[in-house]
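> Sequence first, then the predicted structure:
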Amino acid sequence: MLPLYATTLGFWEHQPETIRPAGFPDYQIHQIHEGKGELIIHESRYLVGPGDVFFLFPDIPHSYAPISGKEWKVSWVSFNGREVGQMLLYAGIRESGPARLKEDQWLNPLKQILMLPDSNELETNLARSKHLYALLLDLKRKLVSPLNEAHELERIKPVLRYIESNLHRTLPLKELAEIISVSPQYLCRLFQKTIHDRPVTYINKQRINLSKQLMFNGRDKKMYEIAQLVGFDNASYFCLVFKRLTGMSPEQFKQLHGLD
């Protein structure tokens, strides 16, 4: 039931060569602390060292091995869950490969995961899930972004703020495009490049997130009232979108969190 959960984790004082022709069943994040190694994904080769992380998506053929004379110190966590894809997209990670950290230091949530007891108890698994969520959120500001992507994300921020303030009503694409003086078509391209979603999909996700807050803060509200407050005229359509984006109906969400 956890939206994010760790499957394996660890720290190697000297990471050995690892070859996986069929890939690995879960997502993985590796952080390099000392030494250098070679990462191979399909036919692409990368040199990775201190200050680098690399991401591996499920079932993608890969291998990695130390290439320096000194110890290759690497920490990692593998994970899965229904929210993983969206969390990685939020951080700008769309495929397997390396990335550069803005600062060469431990990713603190990863360190916290590794410091937890070696146990499969529910409490420990919940703590791992909590730190894993923080880790994926943290990547958004820890990773170096390409200059043009950072510029375009800055340009689109007024639209994102406008959406957040107007989720209760219809938001035509033309109206959103006028905020930053671009065409609707160009706004769609900006969304795809920076948010990695179509504007309509992004807006629906924000509406559903707001509806969850309203369920917590207004337990007496009827479902049709919540639907209207987040911009859905039709409660049935609201329930359909909610289930498509979360994997459960609004009623199941309320039951799961004891909100009935």
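Done, it's in.
> any idea how far Ile17 is from Gly37?
Actually, residue 17 is Glu rather than Ile. 9 Å (CB to CB, to the nearest Å). From N, CA and C alone the C-beta is placed, and that goes for glycine too.
> These two: who's more crowded?
For Glu17 versus Gly37, neighbours defined as other CB atoms under 10 Å are more numerous around Gly37 (22 against 12).
> List the contacts of the more buried one.
Counting by CB atoms under 8 Å, 6 or more residues apart in numbering, Gly37 touches 15, 47-49, 64-68, 72, 74.
> again, only using 7 Å
15, 48, 64-67, 72 (CB atoms under 7 Å, 6 or more residues apart in numbering).
> and if you look at Leu110?
Listed by CB under 7 Å, 6+ apart, the contact partners of Leu110 are 31, 75, 77, 135.
> which among those residues gets closest to Gly97?
Gln31 (14.3 Å; CB to CB).
> Could you say which helix or strand holds that closest one?
strand 27-34 (DSSP states H and E).
> That strand: partners in the sheet, and parallel or antiparallel?
Strand pairing for strand 27-34, determined by DSSP bridges: strand 52-56 (antiparallel), strand 73-80 (antiparallel).
> What are the boundaries of the strands in this structure?
Using DSSP state E, the strands assigned to the chain run over residues 5-12, 18-20, 27-34, 37-41, 44-48, 52-56, 62-66, 73-80, 97-100.
> Make JSON lines from these and add distance to Gln185 to it.
As requested, these are exported to JSON lines (distance: least, CB to CB, whole Å):
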{"stretch": "strand 5-12", "distance to Gln185": "40"}
{"stretch": "strand 18-20", "distance to Gln185": "41"}
{"stretch": "strand 27-34", "distance to Gln185": "33"}
{"stretch": "strand 37-41", "distance to Gln185": "33"}
{"stretch": "strand 44-48", "distance to Gln185": "32"}
{"stretch": "strand 52-56", "distance to Gln185": "31"}
{"stretch": "strand 62-66", "distance to Gln185": "37"}
{"stretch": "strand 73-80", "distance to Gln185": "36"}
{"stretch": "strand 97-100", "distance to Gln185": "29"}
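> Please name whichever of those is nearest to Leu122.
strand 5-12 (11.3 Å).
> okay, and for the stretch 51-200 of the chain, where does confidence drop off?
69, 145-151 (pLDDT under 70).
> what residues are up against the spatially closest residue to Ile93 that is not a sequence neighbour?
Distances taken as CB to CB, 6 or more residues apart in numbering place Phe55 nearest to Ile93, at 5.4 Å, with adjacent residues excluded. For Phe55, the contacting residues are 28-29, 93, 96-97, 99, by CB under 7 Å, 6+ apart.
> Likewise for Asp59?
Per CB under 7 Å, 6+ apart, neighbours of Asp59: 22-23, 25.
> looking at those residues, which has the most residues close by?
Gly23 (16 neighbours).
> where exactly do the helices run in the stretch 51-200 of the chain?
Shown for the stretch 51-200 of the chain, the helices assigned by DSSP state H, counting those that start in this stretch span residues 84-90, 108-115, 122-142, 147-165, 173-179, 184-194, 199-217.
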